[in-house]
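Visitor: Got a sequence here, can you model it:
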Amino acid sequence: VLEYTPPASSQDTPSTKPKSRSGKTERRLLSVMYCDIVGSTRLAEQVDPEDMREIIHRYQVMCTQTVNQYDGTVAQLHGDGILIFFGYPVAHEDDSLRAVSAGLAIISELKCFNDRLADDFNIRLQVRLAIHSGLTVCGTLDQPERNDILAFGETTKIADRLQTLAEPDSLLITGATARLTQGFFTLAALRNRNIRKEFGDLEVFKVLASTGLKNRFDIQAEKGLTPLIGRYTEQQTISSAWDSVRRGSGKIIHIQGDSGIGKTRLLTHSKNQLVKDYPDTALLDCSCSSFYRNTPLFPIMYALSGWFGLNERNSKQHNWEQLVHSVSQITSESDAMVYALAMLFPNLLPRGVQRLNQTPKEHRRFALHSAIIRIIKNWSKYQPLILIIDDLQWADPSTLEILDRIADLTPYCHLLCLFTSRREFGAPWYKSFGYQPIELQPLSQDECRLLISNVAGSSSIDPSQVAAISSKSEGNPLFLEELTRVLLNPKPPEDSASEE
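Guide: Residues are numbered from 1 along each chain as shown. From the prediction side, this is the model:
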């Protein structure tokens, strides 16, 4: 599903053209990534020029496809060097997070990419990456034949110089980027002589791995959440649905509401309470992401990799053995299912187990979807199962198709589906037996005051300020918490929780 496919036509040529462009210079907070091949000069001396051109082309396409997944923009292509912008021309509130995630994804994709290069050219590439975040002035050349995007300021220079100090297949970031992405990645501070000589007091970190936390809510949950306020009727609805599931009649609970209204907060509280009260409960916890809305089955793949105990730190052979063992615990027909499920994890398993890659695409797709559904159906026979899908508004079409088929099975399984989405998402299974929507409403004035008190803790807030916060937030729990924290600390908190 995540394999890199070499370009088959000119349509796959990497493009630096942005999705939109005003033609004017703009001042932006930009996260700039520079990616460069290690030892490209030496490699060019060893490889035929035509082969070298094909290698560089494939490398550029692989990087461009990965960057596009995170809504970044390839600003300039300099042979083996690639300059990438996050925050221009398309800006997001989490551009620095997208940049670091894309950097790690390039390193991860390179492993699968290198297997193909080794087959075709008997070589393997290594890359160095670096990211710096800062204010820049961005624009384009006044030359119709040129496509390059330019950024003026120290930000691009620092990213370019920093990547020269990175070890092969590693990603360095500055302190500015580290602060903007605090909590999402495991970092190692670098203090070596070359960095001090080149950058003085500038903080530099090596990115070791993602922490696995998906959003600010997860980061705050690690530190401890304030008590859930209100939502008693909604909690009772979920509890009653769980009673029905344990009796053998599955349910679909769909929590809907505006951004920040507390969907994930209610979901997390209910999940934790059910698992605590019923220790025999199995849990498959999936979360959709705007980064992967075009990646087939990403939330299911991510959740199942954790369920089966697969990760990049293990050897591929160990992951394969772990997958075979896990599937055999669920079904007696594990042989066919395990080869179908292997298509979900091309970067984590040996290449030899991808047997179904030679079959027609539709056959592979049907086999994979059927295997996922069988896993969930069979597991729910052995113990009550909670299937969580958070942020369905970002689900890819293949995931929604799987959920469609699961919805048909739910009434006959010990299965509770807990879904969340924003209000505008239309649930295709709203007519399914056992489907029950929960529409979250703003908090009442009394609940607003209680939430403000919980966030303030021992700090005192003037009653007039409490009334002002309640009024401006319009009962939205996320806005309530953020406004209260800003009032208590005028500097915006870097790790505030998201109620999404």
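
Visitor: just the helices in the stretch 351-500 of the chain please.
Guide: Shown for the stretch 351-500 of the chain, the helices assigned by DSSP state H, counting those that start in this stretch span residues 361-382, 397-409, 445-456, 463-473, 477-488.

Visitor: most packed of the ones you listed?
Guide: Ranked by mean neighbour count, those are led by helix 477-488 with a mean of 20 (mean count of other CB atoms under 10 Å). Where you see a C-beta, it was placed from the backbone N, CA and C, and this is true even at glycine.

Visitor: by contact count, what packs against it?
Guide: Applying 3 or more CB pairs under 8 Å, 6 or more residues apart in numbering; DSSP states H and E, we find helix 477-488 packed against helix 445-456, helix 463-473.

Visitor: Now with 10 Å, please.
Guide: Packing partners of helix 477-488 (3 or more CB pairs under 10 Å, 6 or more residues apart in numbering; DSSP states H and E): helix 216-223, helix 263-277, helix 445-456, helix 463-473.

Visitor: Export the ones you listed to CSV and append columns for mean pLDDT and distance to residue 486.
Guide: Formatted as CSV, these follow (pLDDT from 0 to 100; distance: least, CB to CB, whole Å):
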stretch, mean pLDDT, distance to residue 486
helix 216-223, 77, 15
helix 263-277, 94, 20
helix 445-456, 90, 11
helix 463-473, 88, 9
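
Visitor: Distance to residue 229 added to those, as TSV?
Guide: Listed next are these as TSV, based on distance: least, CB to CB, whole Å:
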stretch	distance to residue 229
helix 216-223	15
helix 263-277	9
helix 445-456	5
helix 463-473	12
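
Visitor: right, and those helices - which one's nearest residue 437?
Guide: Of all the helices and strands packed on helix 477-488, the one in closest proximity to residue 437, counting by CB to CB, is helix 263-277 (11.9 Å).

Visitor: what's the weakest-modelled helix or strand in this structure?
Guide: Across the helices and strands of the chain, mean pLDDT, DSSP states H and E gives its lowest value to helix 193-199, namely a mean of 73.

Visitor: rewinding a little: how about the helices of the stretch 351-500 of the chain in a markdown table, adding distance to residue 85?
Guide: Listed next are the helices of the stretch 351-500 of the chain as a markdown table, based on distance: least, CB to CB, whole Å:
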| stretch | distance to residue 85 |
| --- | --- |
| helix 361-382 | 34 |
| helix 397-409 | 29 |
| helix 445-456 | 36 |
| helix 463-473 | 34 |
| helix 477-488 | 28 |
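
Visitor: what about the ones you listed, which gets the closest to residue 151?
Guide: The closest of these to residue 151 is helix 477-488. By CB to CB, the value is 30.4 Å.

Visitor: Show me what the least confident helix or strand of the chain packs onto, helices and strands only.
Guide: When contacts are defined as 3+ CB pairs under 10 Å, 6+ apart, helix 193-199 sits against helix 154-163, strand 204-210.

Visitor: weakest of these by average pLDDT?
Guide: In terms of average pLDDT, helix 154-163 trails the rest of the helices and strands packed on helix 193-199, at a mean of 90.

Visitor: Render the CA-only coordinates of that helix in CSV, please.
Guide: Output in CSV follows, covering the C-alpha atoms of helix 154-163 (Å, rounded to 0.1, in the frame of the first residue of the first chain):
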residue,chain,number,x,y,z
GLU,A,154,18.5,33.2,7.0
THR,A,155,16.0,30.3,7.3
THR,A,156,16.9,28.6,4.0
LYS,A,157,20.7,29.2,4.5
ILE,A,158,20.6,27.6,7.9
ALA,A,159,18.7,24.5,6.6
ASP,A,160,21.1,24.1,3.8
ARG,A,161,24.3,24.5,5.9
LEU,A,162,22.8,22.3,8.7
GLN,A,163,22.2,19.3,6.4
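
Visitor: ok now that helix, how far from the chain's centre?
Guide: Here the centre of helix 154-163 is set off from its chain's centre by 26 Å, with CA atoms, centre = their mean, to the nearest Å.

Visitor: Likewise for stretch 30-39?
Guide: Mean-position distance between stretch 30-39 and its chain equals 21 Å (CA atoms, centre = their mean).

Visitor: before we move on, back to that, could you say which of the helices and strands packed on helix 193-199 is packed most deeply?
Guide: Most buried among these, counting by mean count of other CB under 10 Å: helix 154-163, with a mean of 20.

Visitor: Same list (the helices and strands packed on helix 193-199) but as CSV, adding distance to residue 290.
Guide: Output for the helices and strands packed on helix 193-199, formatted as CSV (distance: least, CB to CB, whole Å):
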stretch, distance to residue 290
helix 154-163, 24
strand 204-210, 16
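
Visitor: can you tell which of these is closest to residue 454?
Guide: strand 204-210 (30.2 Å).

Visitor: Mind listing the strands the closest one pairs with, and their directions?
Guide: strand 170-174 (antiparallel), strand 185-189 (antiparallel) (DSSP bridges).

Visitor: Now the element after the first one, going C-ward?
Guide: Right, the one you point to is strand 170-174. Where DSSP states H and E defines the elements, the next helix or strand beyond strand 170-174 is helix 175-180.

Visitor: how about that next one: buried residues?
Guide: 175-178, 180 (16 or more other CB atoms under 10 Å).

Visitor: dump the residue contacts of residue 471.
Guide: Neighbouring residues of residue 471 by CB atoms under 10 Å, 6 or more residues apart in numbering: 445, 448.

Visitor: ok, back up a step: can you tell me which of the helices and strands packed on helix 477-488 is nearest to residue 489?
Guide: Closest approach to residue 489 among these (CB to CB): helix 445-456, 11.1 Å.

Visitor: quick one on the thing from earlier: I'd like the buried residues of helix 175-180 as TSV, with pLDDT and distance to residue 49 appended.
Guide: Shown next, in TSV, are those (pLDDT from 0 to 100; distance: CB to CB, whole Å):
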residue	pLDDT	distance to residue 49
175	93	42
176	93	40
177	95	37
178	95	41
180	92	42
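
Visitor: how far off helix 154-163 does the host helix or strand of residue 85 point, in degrees?
Guide: Element membership of residue 85, judged by DSSP H and E, is strand 81-86. Put simply, strand 81-86 runs at 130 degrees to helix 154-163, going by axes from the mean of the first three to the mean of the last three CA atoms, to 10 degrees.

Visitor: as a whole number, average confidence for the helix or strand just after strand 81-86?
Guide: Beyond strand 81-86 on the C-terminal side, the first helix or strand identified by DSSP H and E is helix 95-121. The pLDDT scores in helix 95-121 average 92.

Visitor: now swap in stretch 184-192 and tell me
Guide: Mean predicted confidence for stretch 184-192 is 89.

Visitor: which residues of the chain score low on pLDDT?
Guide: For the chain, the stretches with pLDDT under 70 are 1-23, 141-148, 354-358, 490-500.

Visitor: ok, longest strand in it?
Guide: In the chain, with assignment by DSSP state E, the single longest strand is strand 127-140.

Visitor: what comes up buried for it?
Guide: Buried residues in strand 127-140, counted by 16+ other CB under 10 Å: 127-134, 136, 138-140.

Visitor: hmm, who's touching whichever helix or strand comes after that strand?
Guide: As assigned by DSSP H and E, the chain's next helix or strand after strand 127-140 is strand 149-152. Residues outside strand 149-152 that contact it (CB under 10 Å, 6+ apart) are 16-18, 21, 25, 27-28, 30, 32, 73-76, 83, 85, 87-89, 134, 136-141, 156-157, 159.
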